Structure formats: C-alpha cells, structure tokens
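[1] sequence first, then the predicted structure:
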Number of protein chains: 4
Amino acid sequence: MSADKRTGRERGEEWWQTGIIEMRPGVIRLRGYEIQDLIGRVSFPAMIWLMLRGDLPGDDQAALLGIALGAAVDHGPQAPSIAIARMAATCGVGINNAMASAINVLGDVHGGAGEQALSFYGDIAAAMDGGASLAEAVSARLDRIFAEEKDYVPGLGHRFHPIDPRAPRLIELTRDFAGRGVVSGRFADIAEAIEAEVATRKGKTIPLNIDGATAVIYGELGFPPPLTRGLFVLSRSVGILAHAWEQSQESDRNKGPLPKEWLWAYSGTPARPFPGDSD
Amino acid sequence: MSADKRTGRERGEEWWQTGIIEMRPGVIRLRGYEIQDLIGRVSFPAMIWLMLRGDLPGDDQAALLGIALGAAVDHGPQAPSIAIARMAATCGVGINNAMASAINVLGDVHGGAGEQALSFYGDIAAAMDGGASLAEAVSARLDRIFAEEKDYVPGLGHRFHPIDPRAPRLIELTRDFAGRGVVSGRFADIAEAIEAEVATRKGKTIPLNIDGATAVIYGELGFPPPLTRGLFVLSRSVGILAHAWEQSQESDRNKGPLPKEWLWAYSGTPARPFPGDSD
Amino acid sequence: MSADKRTGRERGEEWWQTGIIEMRPGVIRLRGYEIQDLIGRVSFPAMIWLMLRGDLPGDDQAALLGIALGAAVDHGPQAPSIAIARMAATCGVGINNAMASAINVLGDVHGGAGEQALSFYGDIAAAMDGGASLAEAVSARLDRIFAEEKDYVPGLGHRFHPIDPRAPRLIELTRDFAGRGVVSGRFADIAEAIEAEVATRKGKTIPLNIDGATAVIYGELGFPPPLTRGLFVLSRSVGILAHAWEQSQESDRNKGPLPKEWLWAYSGTPARPFPGDSD
Amino acid sequence: MSADKRTGRERGEEWWQTGIIEMRPGVIRLRGYEIQDLIGRVSFPAMIWLMLRGDLPGDDQAALLGIALGAAVDHGPQAPSIAIARMAATCGVGINNAMASAINVLGDVHGGAGEQALSFYGDIAAAMDGGASLAEAVSARLDRIFAEEKDYVPGLGHRFHPIDPRAPRLIELTRDFAGRGVVSGRFADIAEAIEAEVATRKGKTIPLNIDGATAVIYGELGFPPPLTRGLFVLSRSVGILAHAWEQSQESDRNKGPLPKEWLWAYSGTPARPFPGDSD
C-alpha cells in the first residue's frame, strides 16, 4: 500500500507491525497457529522455539532445547545476577522488579560467554564449509586468537570448577541426539577439537565449560549467536526467580552484600576540613 | 553454631545462605540433586518446579505447568511490556537489557491479575475448608467484593476479547488432568462457579480470562499466589525476547511510540516569556 | 475536538499528549518557556522544580531543593542500591544499565521512608488545619500508629547512626530558610514535635533521620509525598553513578557479594540420588 | 596489609572498599569532607562533581556543569526513554521502577552520542597536543571518519530540528565562561571547526546538536567521555521523572504505544492449521 493512501490509523498500526502475533477480538495466533491449537499440544520449549524461530520444532529438537535451558538455571549467589535478585527482594519492590534488576546484568561479561563461544565455533564451521578440515579450521582459528594475545578461549575453562559437571553431560546428550539424527554433531566435534588442540598447545586440558557446552547445543539446533544470550536469560531467570522468592520468605530488609554488622574499607582522601574552614 | 565462635568467613558465608544450590569445585547440586543427574532427565518445566518448590514434580504435573507457561507468552505490542522490549532494542542496549526494561513493568496492573485471581480463589477454598459449600463460599466472597464497590472480579473479563481463546482451552485441559487424577479440579470448580454466579447477578456472562485460567492451573498445582507473578514473568519473557529479537533484526534507531513523522499533542501552559523579559 | 472528527494522526498524537514539553522543528519549550531562555538562567534544581511542578521556583526555593537533593546522594556500598551498581558495572553492561538496576531497588523499603514520613507529617498538618494544636495533632497521630503496633515512627531512628549527621544540619538550614520567609517552618515544627513526644513516651530520644529531614524540606516546599520518592531517586542516582564509575575503573569481572575465594552456606536438602537411582 | 594476616571480616570489608564514602556511627564523609560541612554550602551540581571527581569544583565550574545538566532534561515522549517511563507508570510499578526501565534504554544509540562526540573531539585535541594545528587536526580526523564511510559526524545534525535551539545557546555560554577564564574554550573551538569544515566539504551546514554541545562543556570541564553517558542519565532522569509523574496522575492502565482502540499490523505467516490437523 502506498504511504500516500494510508489513513493515519493504518500508518500507526504499520509502525508496530510484527510477524510474531496476530490478534482480533477472540482470536490470538502465534506465527500463524491459533493459540488454542498450540496450548496442550506443544511443550514449553517448543513454544519458545516457535516464538523465536517462526516454525514448530520436532519433539526431539524441543527436548534438546529444554535440556540446554534447564542446565544453566543457577550458579549460586556469588553470581552477581543471583545476589542482585536476593538483595532487590529485600527492598520493597515487586518480584518482577527484582528479576529485572538481575536479568539486566547478564551482559557481555556475565551472560555473553555462550554467544562468544558460538561465534567462535561458527568461524570454524564457516572455514570447514570453505573446504578446510576440522583440524585445520580449529588450528587456524586458535592461531588467530592467540595472536590477539587473548588469554582465554571462549567456552573453555572455569575459575571455580576444575571440570564443570554440566559440560560433559551436555556433550554426552548432544552425542545421543546426534546418534539419533536429531542434530549433526558438528558443533560437538568442533568444541571437542578445540579442547584437544588447546590441551596440546598448553600441555594441559582446559575443559569445556557450561557456556561452551550450551553453545554447542544452540549451534546444533541452528540458533544464531546473539539469540543465545536471550536463551541464557530465559534459563537463568529460573534461578533468579527461585532466589528472589526464597529471599522474600525471610525478614531481611535492605540486605547488603556483607553481614549487616560489617562495613567496607575506605581507601580515599583522609578526612579534611571544608575549604576555608580552620582545622 | 554459635555466632561467637564463627570466623569472619563463616559469618560472611552464612549471610548468603540458601537452600537452593550447593556448590563445591566440580560439584553443583540443585535442591540436593547432582546437576548431571537432572540434565537430560527432567523437562524444563520440571526444573522450574524443582527450583521453586524444592522437590521434583510428577511428569504430568510438570506438563501442566508447562501448559500454563506456554499459554501466556505473548499478547502483542500493544502490551506495554512488549512495546518496551521493542523500543529498547532500538536504543543500543543488550538484549538482556531490553528484556529487563520490559519485565520490569509486569507489575500489579500489567502482570498481577493472576496473583489476585488466585488469592480470590484461595479465599473461597478456605471458606470451603471451613465447611461452606462451593455455592455459599462463592456467593459470600462476591458479596464482599461487590460491597467494596469494586467494578471487576479478578480473573473475569477482557477489554479486547469477548471470549479469550486461551481460557476455555486451559480449563478443558485442567479438567483432563483432573480426570486422570493429576490435580483435584477444585480451582476449576471455583472459577466456573464464580463465572456462573457473576453471570446470574449481572445478567450476562463475563467469561474467564487468561489470568483467571492460569491462576486455576497454578492453584491446582499448589503454587502460592505471589509466586504466580514470577511464573507469569517466565512465561511472558518468551514473547518479550521474541519481539526484542525481531525488532533487533530491523534498522530502526530510537523507535518511538508513534510513527517518526508524528509528534505528540501539547496540552500545557502556552508559550510565555521568561520572567522579567519583555514579550 | 470531537473524537469523530479527528484524523488518525490527531488521535495518535493526542494519545501521547503532555503538558510538560512542546516541540516543533527548531523549537523546544518546557512548561511554556523557550529552552534557550532557561539555559544559563535557571539552576539545575530550578529546572527540576520547573519540570515537576510547572512553574519556576524562587532562587531560595531552588537552593533549598538543591540542599535536600545533595544531602542523600550516598550511604555507601552496604546499601543494596550502591552494591548493585558496583556489581553491575563488572558484568559488561553500560553505565546506564548499572544505574537502572540500582535505581530499580529504591522501593518502599529502600527508598520509600521519606514518602512515608511526609505522609505522616501531612496527616498532622491536616489535623492542625482542622483546628487541632500541634501537640494535640502529634499526640493523636502517634496514638494511632502505636495502636497499630507499628514499632517505628516514620522519619525517626537509624539502625547505624546514633545521630544521623545529615538530619540536624538539614533542620538547621530549614530554620534559616524559614527565618528568611522562604518556607513556613511548619514541617520542621511537626518533625521536632514528633521527636519530642516520642522521646517522652519512650523515655529516650529516637532522633530524626535523613528520610525524616528531607521529608521536612520537601514538605516545606510543597511537594506531594509520592513525588519525594522520585526526588530521592534523583539524589541517590549521583552516588549510584559515582560508585558504578569508580568500580568500572577497576578490573573486576562478575563481582560477587563476597570475596571471590569465598562461597555461601548451603542450608537445604542434603545430597540425594535422583528418584529411582540406587544410592 | 598481607592477605595472610587479615581476618575474614577485614577481607570482606576490603572486598567492598571505596574511595568515595567513609562511614562510622554518626559520621559520614564524602571524599574526605564531613557531610554536614557540605550540606548547605555546595550546590547540587557541585555535589555531583565532588562525588564523580573527588574534589570540589569552583563555583563557576559547578554552574557550567549545572547548565549542561539542565539543558538535556527532556525531548518529549517520542524519545523511547520518555515513552517507556510513561507506559511503565500505568503498569502498577513504583516510580523508581518506571524510571529504571527508562534509564535502562539510554544506551549507545539513545544516550551515547555525547560520549562519541567527546571522544571525537578528544582525538582532535590529542593531535593538537602533538603539534597539529586545529585545522589540520580537524581535517585529518574528518578524513578518517569519511574514509570509514560513516555517514554522520558525532555531535552534528538532528533528524528533527534544522537548528537545535539548545546548541547555540550552550556554545554561547561556554564562550562566556571561557572569556572569564573558567574554561579554555578549546573544545568549543574544536566543535565549531568541525562544523565549519563539514559545511565546506558537504556544501551545507550540518549544525551542532545537543549531544555535540553538551560534549563541548563536559570536555571543557575535564570529564572523560564514558562518564558523560552517566551525566546524561542524571540529566534525562529529570524529564523521565516528570513524565512518569504526570502520567501517574491520570487513570490509564497498561498504556500501549497506540490508542487503545487500535491494533498493530501483522506481517507474518498467514493462519495455518496445526501440523496434522485437517484444514
């Protein structure tokens, strides 16, 4: 329709156009499906897939997505997001507000490792599509990251866990699903080849972490890297809610990071008089 | 342990105690279960249940939870939360930030109707536990709300949908699960009795809405009312992510609420000179 | 204008009407004043007043507002808002995101005490308007709060400071401004009468705190109680920004609430096998 | 102090060290000054400066900071931040939550232009420090940005205002302050040289905008570019609060971006049956 001929209302409604949801009174369609046809027939992970991708997944694809989502729900209150959820819950705000303050910090450093890992795998996959062998592609990409003097490889290593118990289990499951033809196994191959090559170069294994392992699954399922950040938010939101809820059952008010009888160390300018005042 | 004998570290670690997650290097346990025992064996809704409730649900319970979570994922960009997610996505912030700004508005008015409905049902259930019949309990509770001159009954009616297509489907499924003994059906009875009694009093049916219908399910499954707000956040987060993602694929920058060639109407003080300046 | 005759664009523009700002290409007016007439001629607190109230304050009124805003900028990183700002700054999000997560927790408990104090004072002022003496009005209001078995009086007492050094200074300044006729001093009278009557009843002085003292100033200046929450946000945002900025100059990543070599105490279900697995 | 000898409490308190604020019971010091010495003696902009920079500004420096902060408080509800504040205010959340959702979108695109402009000016200043003339430095930096095929120069141009009325007034004031020796005028020179050189190259003037003009002032005052984002947040928070407050006085609930009787255009997959269902 030409812009010239649109009414103001049409122009306004076009401003907010979307391909996700269609509504009329009594009608809600998601990606073309009547909502009442979806309810009770697709799992929650399948609904997530449909909303993000536009088409329904197979049952096994949905199951694998659910596995990745379930694996990263929590890593305890030393994670800033979880601590923030708990602190917020003591400040007199709604549970959604506590969740928002927490989700808000799942940024490049706290939530972005999976995205970086999947981009890294994707570079290797692209090199393989261009004719390189897995070993060549991995080696070339690692040459590049080490040349940048980065001291870490996305998806490998954990400051706390010598072996993150989630990662080998997720890879094992990915192999199972690949064995049944649900996914190709290509990203699992890439991740394991990276891990092996890094071990050879460094003389010690730096094992795959949760971000690297979930990135394998999201890559196998065809999610683009930036969307994996959003999937991580959906996943970690579960732990954020659980902690906000647990905290809200207690009587603390204005919970600070340290026990309330403690303070903090002051490292700034010593006490001084206001300019012009005598000491 | 007496506070007197704790070391500072013990006191600090106690400050952040939780019953949700236990960690040691190489070990992550959620509610007592090794994470690697859970991954691949429990569905995503079952993981949500475990995190929030402390014990694993039965498969049917988890399925019913997933149904309620899947039903409320989106209601389109006229909902403030969805519009905010889309606008935020054009402002140069991360997808988690866009989600946080949106989730943050799922407050008493935008996200709280389910909580209010479940509290309302719970009052009726409590009266029945005290010996009242369903009809008596519903009638007494409605007497009370109408005496407060509230003009709406929690869980009934929708400003847009004459019949919300999600609600009858959710009640139908709840009845199915009750028929199989998964839930009692008590909250479905209560909701339907409310709907019928209101129809009698008002002379027209004001049908159950999505908040009333999901409240039925959350009540059947034993979730306390305040937690249903958090479940709604998990559910609507899916639509919020889908819309933020769709918007981020487009080139808009600083998307305003109206088409960019439009403005807003000014209703304030007419133009005036600064005090003391001549006109 | 009748709705029937409005064009769609007019209806859209009316949907976003405001009395705060008027714009045309090359023209920005705030509350009727040309922006270029305001810039350089009104102080920042005066601009805040104009935006919130619709008219320009006198210079002394603006100065007193600035005093209250400046007094509450920070209370250190044991305050959840400040801790959250610092934690967020280590998570790879923008400084505005760190500020948002922090401001978001300035709720009823963390930021709302000033609003409650001003409402409390306002009840007393209303009783005086109805003919009660100051002593009668204070006594009656305190009777009511103690009858509710509240264990605190809004605006009095501090868990950390025996005397909050900000409060007496703010009251002293309020008296100065009242002496010069800028404000009436009525809210200072009310706050001091409350403090005195509580001391008589409890046998010890529970001194005015920062929330009580800023509420006095906001009340003297005619701000309604709910808006004082917003003023507190503007004030504390300064400390939030300062701490986020200081933290961002350091190399911490994912700063948790406790030193990184510490954990948290687990208080939940002991380790248990997955249902059906042998121990 | 060696880590080995610290008690746990000392280690915890060191974890949260800061040079901004020192507290003991009855004592609050900001940057070394007793809070009661600051209250009533420094303006609100001076308090902002002290908190961010560590030392008190001169009165003229504080006044110029206040001018920049006051200039950018609002640009109306077509700005996503302002629209979000108003929408949030109708959703049943606190005024601080409405502010947080809004501030949260002041990201690289919506709030970052000033930071980019100041970085751009800083590159030119650095070239001048290295011996280049103003004209050479500007020309070289513009060569570089045009070589990158960027289609805009930071700080110039506005999609709505042919001339942004705030910018010339801010530059005029900067010149006044430079004339009195408060600042050097160097960044004003740089901004005007950029504007002139771009006009020569493009054959038309693309005038300085508000971001470019406030960046001049922040640069003159010695603020680093990333901190100017934070200053913009403090400034725009005033408009965000004013709009949230104005909206909260009205009766709207769940205010959407378009008039409530409108919808949005659906551009996705046409209605389709659930897989396996007959049409």
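    Thanks, I have the structure now. Numbers count the residues shown, from 1 in each chain, chains lettered A, B, ... in the order given.
[2] give me the neighbour count for A:Gly181.
    Neighbourhood size, A:Gly181 [other CB atoms under 10 Å in any protein chain shown]: 9. Yep, even glycine has a C-beta here, placed from its N, CA and C like the rest.
[3] pLDDT score for it?
    pLDDT, A:Gly181: 97.
[4] surely it is within a strand?
    No - using DSSP: H, G, I helix; E, B strand; the rest coil, the assignment for A:Gly181 is coil, not a strand.
[5] and it, how close does it get to B:Ser133?
    To B:Ser133, A:Gly181 is 57 Å away according to CB to CB, to the nearest Å.
[6] which strand or helix spans A:Leu56?
    Using DSSP states H and E, A:Leu56 is not contained in any helix or strand.
[7] how many neighbouring residues does the nearest residue to it once chain neighbours are set aside have?
    Residue nearest to A:Leu56 in three dimensions, not counting chain neighbours: A:Leu50, with 5.4 Å by CB to CB, 6 or more residues apart in numbering or on different chains. For A:Leu50, the count of nearby residues is 24 (other CB under 10 Å).
[8] got phi/psi on A:Leu50?
    Backbone dihedrals for A:Leu50, given as degrees, to the nearest 10, come out at phi -60, psi -50.
[9] that one contacts A:Val42, doesn't it?
    Yes - counting by CB atoms under 8 Å, A:Leu50 does reach A:Val42; the two are 6.9 Å apart.
[10] overlap in contacts, the two.
    A:Leu56 (CB atoms under 8 Å, 6 or more residues apart in numbering or on different chains).
[11] identify the residues contacting stretch A:37-46?
    Residues contacting stretch A:37-46 (CB under 8 Å, 6+ apart): A:30, A:47, A:50, A:56-57, A:59, A:62-63, A:65-66, A:69, B:43-45, B:63, B:66-67, B:69-71, B:166, B:169-170, B:173, D:273-274, D:277.
[12] got a quick PyMOL command for the buried subset of the residues you listed?
    To isolate the buried members of the contacts of stretch A:37-46 in PyMOL, using 16 or more other CB atoms under 10 Å in any protein chain shown:
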select buried, (chain A and resi 30+47+50+56+57+62+63+65+66+69) or (chain B and resi 43+44+45+63+66+67+69+70+71+166+169+170+173)
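[13] next step: the contacts of stretch A:37-46 restricted to strands.
    A:Leu30 (DSSP state E).
[14] A:Pro80: neighbour count?
    Neighbours of A:Pro80 (other CB under 10 Å): 28.
[15] for A:Ala126, that is, sorry about that
    12.
[16] which SS state does it fall under?
    A:Ala126 ends up helix, using three-state DSSP.
[17] so what's the residue nearest the centre of chain A closest to, chain neighbours aside?
    Geometric centre of chain A, nearest residue: A:Phe232, 2.2 Å, by CA atoms, centre = their mean. Excluding its sequence neighbours, the residue lying closest to A:Phe232 (CB to CB, 6+ apart) is A:Gly111, at 5.1 Å.
[18] give me phi/psi at the one you found?
    phi -120, psi 0.
[19] can you name the residue of chain A nearest to chain C?
    In chain A, the residue that lies nearest chain C is A:Gly8 (2.3 Å; CB to the nearest CB).
[20] leaving out chain neighbours, which residue sits closest to that residue?
    In space, A:Gly8 is closest to C:Gly8, 2.3 Å off (CB to CB, 6+ apart).
[21] quick one on the thing from earlier: thought the residue nearest to A:Phe232 was touching A:Arg229?
    Yes - A:Gly111 lies in contact with A:Arg229 (CB under 8 Å); the separation is 5.7 Å.
[22] spit out the residues that contact the two alike.
    With CB under 8 Å, 6+ apart as the test, A:Gly111 and A:Arg229 both reach B:Asn96.
[23] higher neighbour count, these two?
    Using other CB under 10 Å, the more surrounded residue of A:Gly111 and A:Arg229 is A:Gly111, with 28 against 24.
[24] with adjacent residues omitted, what lies nearest to the residue in the stretch 1-150 of chain A positioned nearest to chain D?
    Closest contact between the stretch 1-150 of chain A and chain D, by CB to the nearest CB, is at A:Gly19 (3.0 Å). Nearest residue to A:Gly19, sequence neighbours excluded (CB to CB, 6+ apart): D:Gly268, at 3.0 Å.
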